[in-house]
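K.L.:
Turn this into a structure:
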Amino acid sequence: MIRAGRAERVQTLADLAAAIGVSEKTVRNTRPYTAEGFPAPVSSPDAQKLLWDSEQTAAHLAGQPVPALPVDESDEDLLDRHEAAAECGVGVTTWNTYKRDPAVADHLRMVGGVEHWPRQAVRSFRDSRPGRGSAHAGGRPQGSGDLVPRDQILDRVTELLDQDPAVTATTVMDELGIAMTTATAHLATLRGRHITDLLEAHPDLTSLQAAEHLGYPKITHRRALAAADIEQRVRAARPYVQSVIDALAAAGYAEPAQADVTLRDSGALAAAARLLEGAPAPALVWDERFGWRTTPNRRHPMGKDSATRPEGTGIRYLGRTERPAAATVVAALRA
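P.N.:
Presented below is the predicted three-dimensional model:
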């Protein structure tokens, strides 16, 4: 997020390139912002367009200590669409509908070419929605209260799991005021990640042995092991998808972004890359079964999950395999 009073210091990729004294394409190619010690972006982790605080990057580039950003929340903090959605306890798609309401639209601020809204405006809208007080947003138990902001839930569940590996979904639900399904899903996801972390450190272990070593109760093993299997698949696929996204950014077709590999209902891994205005297609989609393809829908690039290879207007496959090289994808897109 952009902390209160710091909007004028926001730096885009083009601004960063100018500050370094190189072309924007060079920054896309070399990605200096990924180097150890480089200030973290102020954009949210899910943002398609990266933004930085120019005071921090200037200090880093000058070899000086990087000043810390304010940590206390302010009503004037500026939230992007992912952060605003989290503040309201809804998904980004729902927020894209909410933002058209005059109570939200009147507070829109474009910073670095990205939509933002003041925290207070988002909260006021959230609390004034007819019949949907914040206490019940996102499927939380009736009367439980807005105990933990949505964007902090996973961190809080992590704390509870670290304190007690055998913590139950009921305890998490009662402690954080979230729905049982949410508590169960988060616990399974986190246990799967921890199992995967342990397997990476000790590849001689089996997944079951890792779960037992971490102290997870037998009743949780089925969900935890299934989540670990998914996590291992996602981690294995992420470097490949990232290589393609990096190549697209280097070619000037996309903004630098972190690869987001997800599991679809069909059980297949998939990822999307939204492209810039003027690119040969609005977006690209990768499906581990079918490879990379163009899509005519930039807003919802993945579309409906299907067991068969998607075809139709605006869809063109880039490469002959499920994992063509990044250079092959870019060349096919350019052609």
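K.L.:
mind listing the strands for the stretch 101-250 of the chain?
P.N.:
For the stretch 101-250 of the chain, the strands defined by DSSP state E, counting those that start in this stretch cover 109-111, 114-118.
K.L.:
Indicate which one of those is closest to Thr170.
P.N.:
With respect to Thr170, and counting by C-beta to C-beta, the nearest of those is strand 114-118 at 35.7 Å. Just so you know, the C-beta spots here come from the backbone N, C-alpha and C atoms, and that holds for glycine as well.
K.L.:
Domain map for this structure?
P.N.:
1-132, 139-216, 238-334 (automatic domain parsing).
K.L.:
Lowest average pLDDT across those?
P.N.:
Lowest mean pLDDT within the domains of the chain: domain 139-216, at a mean of 84.
K.L.:
re the thing from before, I'd like to know which of the domains of the chain lies nearest to Ala228.
P.N.:
Of all the domains of the chain, domain 139-216 comes closest under C-beta to C-beta, at 4.0 Å.
K.L.:
Can you tell me how far Ala254 is from Lys25?
P.N.:
13 Å (C-beta to C-beta, to the nearest Å).
K.L.:
Likewise for Cys88?
P.N.:
Taken as C-beta to C-beta, the span from Cys88 to Lys25 is 38 Å.
K.L.:
same thing with Val329?
P.N.:
From Val329 to Lys25 the distance is 18 Å (C-beta to C-beta).
K.L.:
what about those two, which has more around it?
P.N.:
Val329 (25 against 13; other C-beta atoms under 10 Å).
K.L.:
doesn't Tyr317 make contact with that one?
P.N.:
No. Between Val329 and Tyr317 there is no contact under C-beta atoms under 8 Å: 10.2 Å.
K.L.:
Overlap in contacts, those two.
P.N.:
Overlap of the contact sets of Val329 and Tyr317 (by C-beta atoms under 8 Å, 6 or more residues apart in numbering) consists of Trp292.
K.L.:
out of everything not next to it in sequence, what's closest to Leu269?
P.N.:
Glu288 (4.6 Å; C-beta to C-beta, 6 or more residues apart in numbering).
K.L.:
Give me the neighbour count for the one you found.
P.N.:
Neighbour tally, Glu288, other C-beta under 10 Å: 18.
K.L.:
doesn't Thr321 make contact with it?
P.N.:
No. Using C-beta under 8 Å, Glu288 is not in contact with Thr321; the gap is 11.1 Å.
K.L.:
returning to what we had before: distance check, the residue nearest to Leu269 against Ala58.
P.N.:
Distance, Glu288 to Ala58, using C-beta to C-beta: 42 Å.
K.L.:
go on, Pro70?
P.N.:
On the measure of C-beta to C-beta, Pro70 and Ala58 end up 17 Å apart.
K.L.:
out of those two, which sits in the busier spot?
P.N.:
Ala58 (17 against 11).
K.L.:
what's downstream of the helix or strand hosting the more buried one, the next helix or strand?
P.N.:
For Ala58, the host element (DSSP states H and E) is helix 54-61. Downstream of helix 54-61, the first helix or strand assigned by DSSP H and E is strand 78-79.
K.L.:
Quick one: list the elements packing against that following strand.
P.N.:
Packing partners of strand 78-79 (3 or more C-beta pairs under 8 Å, 6 or more residues apart in numbering; DSSP states H and E): strand 114-118, helix 119-128.
K.L.:
try 10 Å this time
P.N.:
The contact analysis (3 or more C-beta pairs under 10 Å, 6 or more residues apart in numbering; DSSP states H and E) places strand 78-79 against helix 81-88, strand 114-118, helix 119-128.
K.L.:
In the helix holding Ala58, which residues are buried?
P.N.:
Ser54, Gln56, Thr57, Ala58, His60, Leu61 (16 or more other C-beta atoms under 10 Å).
K.L.:
Also stretch 48-55?
P.N.:
Gln48, Lys49, Leu50, Leu51, Trp52, Asp53, Ser54.
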